[in-house]
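Asker: Any chance you could fold what I've pasted below:
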Amino acid sequence: MLVGGGSYLAAVKSTVLPEWLSMNGVVVVMVILRSHARGRTEVGDVRFWGVLSLAGLAGLVVAYPVNVWLVKNQLKHGAGGGARRLLRQAAITIRTTAPGA
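Answerer: Here you go, the predicted structure:
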């Protein structure tokens, strides 16, 4: 039994497709960019880190629309919902407890 109820198998089934779609966008772009980069592939080489950074950024650009679509179609939950609620509550608390409020 999971903390929020439901079964482990149901949780795995609801996670596999969204994560597969999301991660394949990132990984495919990163592998393509990294395979076309010339030069040494040693960790101490500046070019290695530059290409890795660009590949990560390109992967983000490809994966972001996929993740927006997944959240919009309720195949994946957005990570910002809880944070927004907490920030809103903190703002209310600050306004009501501030001097002169």
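Asker: Where is the longest helix in this structure?
Answerer: The longest helix of the chain (DSSP state H) is helix 8-36.
Asker: Which is the succeeding secondary structure element to it?
Answerer: On the C-terminal side of helix 8-36, the closest following helix or strand by DSSP states H and E is helix 46-72.
Asker: in that following helix, what's buried?
Answerer: By neighbour count on 16 or more other CB atoms under 10 Å, the buried set for helix 46-72 is 48, 51-52, 55, 59, 62-63, 66-67, 70-71. In this view, the C-beta of every residue, glycine as well, is placed from N, C-alpha and C.
Asker: In the chain, what helix or strand scores lowest on average pLDDT?
Answerer: For the chain, counting by mean pLDDT, DSSP states H and E, helix 80-97 ranks last in confidence among helices and strands (a mean of 70).
Asker: Poorly predicted segments of the chain, please.
Answerer: 1-5, 39-40, 79-86, 98, 100-101 (pLDDT under 70).
Asker: hang on, the earlier thing: just the buried residues of helix 46-72 now: which is nearest residue 10?
Answerer: Nearest to residue 10 among the buried residues of helix 46-72 is residue 70, at 17.7 Å by CB to CB.
Asker: need the contact list for that closest one.
Answerer: The contact partners of residue 70, taken as CB atoms under 8 Å, 6 or more residues apart in numbering, are 18, 21-22, 76.
Asker: Kind regards, and thank you for your time.
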